[in-house]
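Asks: turn this into a structure:
(chains A, B and C)
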Amino acid sequence: MFAFLIRRIIQAILVMLIISFIGFSLKRSFGDPVRDLVGVSVSKEERDKLSEKLGLNDPAMVQYARFLKNALHGDVGQSFFYKKPALDVILSKAPATLELVFVSSLFIILLSVPAGVYAAIHPKRKLARLIMGVSTLGVSVPVFFTAIMMIYIFSVELHWMPSFGRGTLVTVFGGWKTGLLTSDGWLHLIMPAIALSSIMLPLFIRLIQAEMMEVLESEYVKFAFAKGLKRVRIFMLHAFKNTLLPVITVGGVQLGTMIAFTILTETVFNWQGMGAMFVEAVERGDTSLLVAYLVVVGVIFIIVNTLVDIVYGLVNPMIRVAGRK
Amino acid sequence: MSALLEVKDLDVIFSMRFGELKAVMDVNFTLESGQRLGLVGESGAGKSVTGFSIINLISRPGRIARGSIMFEGRELTTLAPEEIRKIRGDRISMIFQDPMMTLNPVLTIGVQMTETLIAHRNMTRREAEAVAVDKLKKVYIPSPERRLGQYPHELSGGMRQRIIIAIALLTDPALIIADEPTTALDVTIQAEILDLLYELTVNENMGLILITHDLAVVSQVTDRIAVMYAGRIVETGPTMDVIASPAHPYTKGLIGALPQSAGGAKRLNQIMGVMPSLYNMPGGCAFHPRCPICDETCCKNVPPLLKTGRPGNFAACFKAATREA
Amino acid sequence: MWRKFLDSHLFYSFRRDWVAIASFIVLSVLVLTALFAPLIAPHNPYDPSGVDLMEAETPPVWMEGGTTKFLLGTDAQGRGILSTMIYGMRTSLMIGMGAVFLQAFLGIFIGLVSGYFGGKLDGFLMRLADVQLSFSTLLVAIFAGAIFQTAFGVAKYEQMAVPLLICIIGLAEWPQIARTVRASVLAEKKKEYVEAARVIGLPSARIMLRHILPNTLSPVLVIATVQVANAVMSEAALSFLGFGMPVTRPSLGSLIKSGFEFIFSGSWWITIFPGVLLVVLILVINLLGDFMRDVLNPRLYKGK
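Replies: Numbering: from 1, shown residues only, chains lettered A, B, ... in the order given. So this is what the prediction gives:
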């Protein structure tokens, strides 16, 4: 347990150091904190004074140390476009992305498990073949194109659903603007969520089917049948629990890809989340925001990876992870 | 009193892409309670398939094409799947070859033992655990209560096989089918496991079918053997008698090939040739291409099991009855 | 050698699998079209003299207002969609295959060295590979693209786009191939012919290249095929976001991007046709990859 924690912490520190270093280099080379703070229409003397005040003429290492210290306190600079601290901007956009990812993930899990398991148990049936065929197709369509096609069919041609934005939002505890409590919000959420899941869903279906088919050939499944257990129990407990292991592992890696997909999906649907913000920040050269996004993604990455490892340790008794004797 | 198990004219056929494979043909044998029958033969002879077919565990593309299997007065081949499921693991238990592969790595021993009782006897978990501990004691496993919470990878091979035997005993079955129970074990452990099997079946008056390729194993445990070759039974009789003076040329060859029979000579006696592939069976007696005493009748006709003149001993050879003891 | 191929299990299975045959035919057509783009495309969309703004946003030939001059219609500048698609596919394929060559080259080299020499080098390289494998290529590529574009500015970035994209995608994916090659090398190392070659005194490089390498290639082939599809997709995503190919020398991804806004004004063909072509391209590569995986090595590549 300790060994695992220590390893994780070291890994976390390493990742954050790398990200912070990249971020710092970026800011130092191409960012302009003075401009970020006061805009462009300020005299040269004022700018020099401000530079001095901000410590921009200090040696690099000193600046880096200061950067780290500030980052730990939640200050990664000021977005010159929004004229607000970068972290604030990100946090205000986070609910949009998080809700999208949440609904999408739910969709993926709820659909891929039954589809994959069914296709594994009855691989030759028509429905199973259809599922696998559609999955192969789905894996070949880029996320953004699915999004575009959906907009074209459902928004432009059929006018069933709106094609951009989040719709009517409701503010719940602490300023979280959610779209989940209004039907308009849901109407806006459906297409982006489906588009976001459009590659991960078939991927997981294929994965679950492949892994489960292998598991179904194993001796312990045959033995379970020989013991006269009910089919449901054999498939859902004996077989599925073993199928979960590689699926969890792959799922963890796919997280990063999911974040990339949110960037793409939010761009197409004009969904005001962190992903769209990232693209805009690059276009505007808003380095603070860019760096802040990198940092936040790094943190999310580490947290989720740790969670995935813990879950894996809970399912697989051969790995001693959290809280086992 | 009718026999515990009566197998009559059993045919098992596998429908493959390029033809039909007759894995088991014309198999007949009877077993009384308390009797131990050894099913002997090399790989591919059809002995495992015979064993599996008793509880209908033959997976597609195989099926029982012909024959009757009467167990405790019931015809198993025509039973509905739900009825067979109730018999499996309850009245008839099966032991597989490799204990590491047979136990599910992600479930505790406790779960894998109690589930049989919960499924067949409707016990509560507590009651089932008590029975499990009792059976673990019967197979001489130390600290049985601790084992329930452990996982298969935490135990040694010998212990695992004992646990599997314990699982077989949980419901006090009338018949145990053991498929190569010691092949995957250390030689030293083998003897212990075989002694255990012998002792348990004798004490509980259970029927035992021991499937193996190892003549030493049958000689230790069984009182009757049936030798299989290319899907058919070619000789049956009391174990000691058959081993001491085999009637069928194949059995003779098998015994003759044992290291003991080489009598200190540098080379072991071999039976020339190999067992025919089931796709390419020779006409007449399947053994005739390798048989030293075959003649014209042997090439044309499949010999049925004929009396050899010794009590209880039958051999599928036209020349059997005329051989001297 | 040709005879050997025709007799092989691979070709036998191929002949009996109509999906594989169809995919192969379609892919060949697409690759040849891309290769001979200047000859096949009806117009050269990047020749400013041939482009007439008056012909902008013409619909495809089967719709009202379409002409046979532009079978699939034109975009907002008056360029023929069919032509831009063909040139765009050429760029997409070029980058995709370039990236895969790079990752194959790197991966094979590292895999060979790592597996053959073992020891600390092997340990270090494999740890590196593990770390890299846990990062999503697409995300890293997007970040890299974003960072480089911020660093160099849009103009300079566009100049460097092709080699840059090849490098980014290629460098991100070497671990998979390296791992597979290394596994094969380890298996082959144990065999006697390697021992014999070493005893004779052959130099390591020779042993690795001429003896071990040929045996490791078939799993690499499977991975490489699917990786081309992945690379094409990654490049398309990057271009769509604006971190990839510029409008002046577009790939299918950037074509989709520039055509997107016109969906709302009715000129749907500008974005849809390149998109469909992209999907078809990726699909046939994936299908072929699946087929090869099933035939050459069933235990290999189940999800990604």
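Asks: CA atoms for contacts and neighbours, from now on please.
Replies: Noted.
Asks: who's in contact with residue 213?
Replies: All of this refers to chain A. A:120, A:121 (Cα atoms under 8 Å, 6 or more residues apart in numbering or on different chains).
Asks: not quite, I wanted chain C
Replies: C:112, C:185.
Asks: so what does it look like in phi/psi?
Replies: phi -50, psi -50 (degrees, to the nearest 10).
Asks: run a quick neighbour tally on whichever residue of chain C sits closest to chain B.
Replies: The nearest approach of chain C to chain B comes at residue C:16, 14.0 Å away (Cα to the nearest Cα). Residues contacting residue C:16 under the criterion other Cα atoms under 10 Å in any protein chain shown number 10.
Asks: now residue C:24
Replies: By other Cα under 10 Å, 17 other residues sit near residue C:24.
Asks: in chain B, what residue lies closest to chain C?
Replies: Counting by Cα to the nearest Cα, chain B gets nearest chain C through residue B:17, at 14.0 Å.
Asks: count the neighbours of that residue for me.
Replies: Neighbours of residue B:17 (other Cα under 10 Å): 7.
Asks: phi and psi next, for it.
Replies: According to degrees, to the nearest 10, residue B:17 has phi -60, psi -40.
Asks: do you know how far it is from residue B:61?
Replies: 10 Å (Cα to Cα, to the nearest Å).
Asks: from the middle of its chain, how far away would the lengthiest helix in chain B be?
Replies: Longest helix in chain B by number of residues (criterion: DSSP state H): helix B:187-204. Its chain's average C-alpha position is 15 Å from that of helix B:187-204, according to Cα atoms, centre = their mean, to the nearest Å.
Asks: do the same with stretch C:49-59
Replies: Its chain's C-alpha centre and that of stretch C:49-59 lie 31 Å apart, by Cα atoms, centre = their mean.
Asks: list the buried ones in that stretch?
Replies: Buried positions in stretch C:49-59, judged by neighbour count with 16 or more other Cα atoms under 10 Å in any protein chain shown: C:51, C:55, C:56, C:57, C:58, C:59.
Asks: please apply the same query to stretch B:23-37.
Replies: B:23-28, B:30-37.
Asks: restrict the residues you listed to those near chain A?
Replies: Counting by Cα under 8 Å from any Cα of the partner chain, nothing from the buried residues of stretch B:23-37 sits close to chain A.
Asks: okay, those in JSON lines with pLDDT next?
Replies: Below are those laid out as JSON lines (pLDDT from 0 to 100):
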{"residue": "B:23", "pLDDT": "87"}
{"residue": "B:24", "pLDDT": "89"}
{"residue": "B:25", "pLDDT": "88"}
{"residue": "B:26", "pLDDT": "88"}
{"residue": "B:27", "pLDDT": "90"}
{"residue": "B:28", "pLDDT": "89"}
{"residue": "B:30", "pLDDT": "90"}
{"residue": "B:31", "pLDDT": "90"}
{"residue": "B:32", "pLDDT": "88"}
{"residue": "B:33", "pLDDT": "87"}
{"residue": "B:34", "pLDDT": "86"}
{"residue": "B:35", "pLDDT": "89"}
{"residue": "B:36", "pLDDT": "92"}
{"residue": "B:37", "pLDDT": "92"}
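Asks: residue C:41: which of those residues is nearest?
Replies: Of all those, the one sitting nearest residue C:41 is residue B:23; the distance, using Cα to Cα, is 61.6 Å.
Asks: ok, which residues in the stretch 1-150 of chain A are in contact with chain C?
Replies: A:26, A:29, A:30, A:136, A:137, A:140, A:141, A:142, A:144, A:145, A:148, A:149.
Asks: below-threshold pLDDT in the stretch 1-150 of chain C: ranges please.
Replies: By pLDDT under 70, the low-scoring segments of the stretch 1-150 of chain C are C:1-10, C:50.
Asks: again but with chain A, I slipped
Replies: In chain A (pLDDT under 70), the answer is A:1-4, A:27-42, A:47, A:51, A:53-60, A:71-74, A:76, A:80, A:174-175, A:320-325.
Asks: please enumerate the helices of it.
Replies: Using DSSP H, helices in chain A cover A:2-30, A:33-38, A:44-54, A:60-72, A:86-121, A:126-140, A:143-150, A:183-216, A:219-226, A:231-233, A:240-269, A:274-284, A:287-315.
Asks: can you show me the helices along chain B?
Replies: Using DSSP H, helices in chain B cover B:47-54, B:81-87, B:99-102, B:109-121, B:125-138, B:144-148, B:157-169, B:187-204, B:215-221, B:239-244, B:249-256, B:296-300.
Asks: could you dump those helices to JSON lines with mean pLDDT?
Replies: Formatted as JSON lines, those follow (pLDDT from 0 to 100):
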{"stretch": "helix B:47-54", "mean pLDDT": "90"}
{"stretch": "helix B:81-87", "mean pLDDT": "90"}
{"stretch": "helix B:99-102", "mean pLDDT": "87"}
{"stretch": "helix B:109-121", "mean pLDDT": "91"}
{"stretch": "helix B:125-138", "mean pLDDT": "90"}
{"stretch": "helix B:144-148", "mean pLDDT": "89"}
{"stretch": "helix B:157-169", "mean pLDDT": "88"}
{"stretch": "helix B:187-204", "mean pLDDT": "85"}
{"stretch": "helix B:215-221", "mean pLDDT": "86"}
{"stretch": "helix B:239-244", "mean pLDDT": "88"}
{"stretch": "helix B:249-256", "mean pLDDT": "82"}
{"stretch": "helix B:296-300", "mean pLDDT": "79"}
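Asks: on that earlier part again, need the helices of chain A in CSV with distance to residue C:40, can you?
Replies: Formatted as CSV, those follow (distance: least, Cα to Cα, whole Å):
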stretch, distance to residue C:40
helix A:2-30, 44
helix A:33-38, 51
helix A:44-54, 58
helix A:60-72, 56
helix A:86-121, 42
helix A:126-140, 26
helix A:143-150, 26
helix A:183-216, 33
helix A:219-226, 57
helix A:231-233, 58
helix A:240-269, 32
helix A:274-284, 36
helix A:287-315, 43
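Asks: what's the closest of the ones you listed to residue B:193?
Replies: It's helix A:219-226; of those, that one is closest to residue B:193 (Cα to Cα) at 19.0 Å.
Asks: by contact count, what packs against that closest one?
Replies: If you count contacts as 3 or more Cα pairs under 8 Å, 6 or more residues apart in numbering or on different chains; DSSP states H and E, helix A:219-226 packs onto strand B:92-95, helix B:99-102.
Asks: check what contacts it and list those residues.
Replies: A:215-216, A:231, A:234, A:238-239, B:55, B:57, B:85, B:88-89, B:93-94, B:96, B:101-104.
Asks: then stretch C:107-114?
Replies: Contacts of stretch C:107-114 (Cα under 8 Å, 6+ apart): C:121-122, C:125-126, C:174-182, C:185, C:208, C:213.
Asks: distance from that stretch to the middle of the chain?
Replies: Mean C-alpha position of stretch C:107-114 versus that of the full chain (Cα atoms, centre = their mean) differs by 21 Å.
Asks: residues touching the residue lying closest to residue B:313 once chain neighbours are set aside, list them.
Replies: Spatial nearest neighbour of residue B:313, excluding adjacent residues (Cα to Cα, 6 or more residues apart in numbering or on different chains): residue B:237 at 4.1 Å. Going by Cα under 8 Å, 6+ apart, residue B:237 touches B:224, B:225, B:226, B:312, B:313, B:314.
Asks: most centrally placed residue in chain B?
Replies: With distances taken as Cα atoms, centre = their mean, residue B:211 lies nearest the centre of chain B, 2.4 Å away.
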